[in-house]
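Student: One predicted model, sequence on top.
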Amino acid sequence: MKRIFIFLIIITFLSSLLGIVRIKDIATFRGAMDSQFFGIGIVVGLNGTGDDGYSYSPTILNMFEKYGASIPKEDLKSTNTALVMVLADIPAYYKVGMKIDVYLYAVGNAKSIENGYLLKTDLFGSDDNIYVSAEGQVAPLDENNYRFKVNGKIQNGGTIIKEIPQNIFKSEILTITLKPFEFLSASVVTDAINKKFGRNIAETYDKTAIKLKIPEEFKHDLIGFLSVIEEIEVIPSQVPLIVIKSDNSEILYGGTEKVKDITYMTGIYEINVKNNSTVSDLIRALKIVGLTPEKIIDILLYFHSIGAIEAEIVVLK
């Protein structure tokens, strides 16, 4: 009964992949249409890891006076504070009230800004108008690399407070990026867009990215153009799929897909895959040499990431 139940889940999952979806549900608009906004702010609560206040150049101090908060210079000499450059990239279709991530970079000689708090900071556009208000707790920019504690990030730490003029976005090219794990090829989306507009305004850049040229009739109505793109419907491609149980690496669906010839080292074993071996063959061989289900799945996911296994892999717990 349990096996039948799992099989029904898989069938439901597969069916959902084949339904019609809108571009807005499976993609984001990024790339060349983004505009960068910046400001100078102060991070407080650093417990002695901040600036000494004496290393600021006249240029930095002038920038702080022009773009920074109204804080006396003597307050910048505490080692519990740090002067930072605050940056944010905003796609052209973002609107007032939306939250965005902001990125912080120390401009003095602070040792670390991690776990500090960014005081309210205004972010300016290229026209010197304020478009974003940023504030919040600072997290590491790269959690896996602690050598760069002088950089940080505040997720959803910025709020758009002013409508962004479309003329700030200079490029006529927009990038559509397909979301991870969507069972959809970029060429399918490209074809759907070009069919909608009756001409080739979309071009496949790689397997997850599409370049769009804004049509002449939408040059002054970018939001309208994006709204049309978002509502275009596409049918996901039927890509090969492998479903594996995490506790025993048993294949529940698929497994006949070929693995490209590859040599891989793991521990004391050298794995040589060749002669049109299938995923099932590979799993069987890995089990024979005593690898754990967790290690086997790691190898499969790695092979998929480098293109040795082209089928999508779903791991069920």
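Tutor: Structure received.
Student: Could you use CA atoms for every contact and neighbour count after this?
Tutor: OK.
Student: All the helices of the stretch 1-150 of the chain, residue numbers only.
Tutor: Using DSSP state H, counting those that start in this stretch, the helices of the stretch 1-150 of the chain run over residues 2-17, 23-26, 58-67.
Student: Out of those helices, name the one with the poorest average pLDDT.
Tutor: Among the helices of the stretch 1-150 of the chain, helix 2-17 carries the lowest mean pLDDT, a mean of 45.
Student: Look up how far T208 lies from the closest residue to L178 other than its chain neighbours.
Tutor: Nearest residue to L178, sequence neighbours excluded (Cα to Cα, 6 or more residues apart in numbering): A27, at 4.3 Å. Between A27 and T208 the computed distance is 9 Å (Cα to Cα, to the nearest Å).
Student: any idea what sits nearest T278, other than its immediate chain neighbours?
Tutor: That would be K258: by Cα to Cα, 6+ apart, it lies 4.3 Å from T278.
Student: Please name the residues that touch that neighbour.
Tutor: Residues near K258 by Cα atoms under 8 Å, 6 or more residues apart in numbering: N276, S277, T278, V279, I309.
Student: Now do stretch 282-301, average pLDDT.
Tutor: Stretch 282-301 carries an average pLDDT of 88.
Student: Repeat that for stretch 129-143.
Tutor: Confidence for stretch 129-143, expressed as mean pLDDT, is 87.
Student: Would you agree A308 falls within a helix?
Tutor: No - going by DSSP: H, G, I helix; E, B strand; the rest coil, the assignment for A308 is coil, not a helix.
Student: Tell me if I'm right that it and K260 touch.
Tutor: Yes - judged on Cα atoms under 8 Å, A308 makes contact with K260 at a distance of 4.9 Å.
Student: Could you pull out the strands in the stretch 1-150 of the chain for me?
Tutor: 21-22, 27-30, 35-44, 82-90, 99-106, 117-124, 130-137, 139-140 (DSSP state E, counting those that start in this stretch).
Student: and the angle for the fourth one with strand 35-44?
Tutor: Taking axes from the mean of the first three to the mean of the last three Cα atoms, to 10 degrees, strand 82-90 and strand 35-44 form an angle of 150 degrees between their directions.
Student: mind starting the numbering at 4 from now?
Tutor: All set: I'll call the first residue 4, so the last point we hit is now strand 85-93.
Student: For strand 85-93, which strands pair with it and how are they oriented?
Tutor: Here strand 85-93 has these sheet partners by DSSP bridges: strand 38-47 (antiparallel), strand 102-109 (antiparallel).
Student: Could you point out which of the ones you listed sits nearest E219?
Tutor: strand 38-47 (21.0 Å; Cα to Cα).
Student: mind checking how far Y108 is from I45?
Tutor: 11 Å.
Student: what touches both of the two?
Tutor: Shared contacts of Y108 and I45 (Cα under 8 Å, 6+ apart): V87.
Student: what's across from A85 in the sheet?
Tutor: In this entry, A85 is beta-bridged to V46, by DSSP bridges.
Student: Could you measure from it over to N50?
Tutor: With Cα to Cα as the criterion, A85 and N50 are 11 Å apart.
Student: The two: which is more packed in?
Tutor: Between A85 and N50, counted using other Cα atoms under 10 Å, the more crowded position is A85 (32 against 14).
Student: Just list the residues touching that one, thanks.
Tutor: I45, V46, V47, L49, G53, D54, L79, A109, G111, A113, I116.
Student: quick one: which of the residues you listed has the most company?
Tutor: Neighbour counts for the contacts of A85 (other Cα under 10 Å) peak at I116, which has 34 neighbours.
Student: Could you double-check that that residue lies in contact with K152?
Tutor: Yes - if you go by Cα under 8 Å, I116 and K152 touch, sitting 6.2 Å apart.
Student: before we move on, back to that, of the contacts of K261, buried ones?
Tutor: For the contacts of K261, a burial check counting by 16 or more other Cα atoms under 10 Å picks out T281, V282, I312.
Student: and the gap between the last one and I265?
Tutor: When Cα to Cα is applied, the distance between I312 and I265 equals 10 Å.
Student: Check the first one too.
Tutor: The gap separating T281 from I265 is 12 Å, by Cα to Cα.
Student: tell me the secondary structure for I232?
Tutor: Here I232 is helix, with the state taken from three-state DSSP.
Student: Spell out which residues make up each domain of the protein.
Tutor: Split into domains by automatic domain parsing, the chain comes to 24-34+174-237, 38-169, 244-319.
Student: coming back round to it: quick check, nearest of the buried ones among the contacts of K261 to E175?
Tutor: When the buried ones among the contacts of K261 are compared for distance to E175 (Cα to Cα), I312 wins out at 36.8 Å.
Student: hang on, S190 packs against A212?
Tutor: No - counting by Cα under 8 Å, A212 is not a contact partner of S190; they are 9.3 Å apart.
Student: quick one, which of these two is more surrounded?
Tutor: Neighbour totals were compared for S190 and A212, and A212 leads with 24 against 19 (other Cα under 10 Å).
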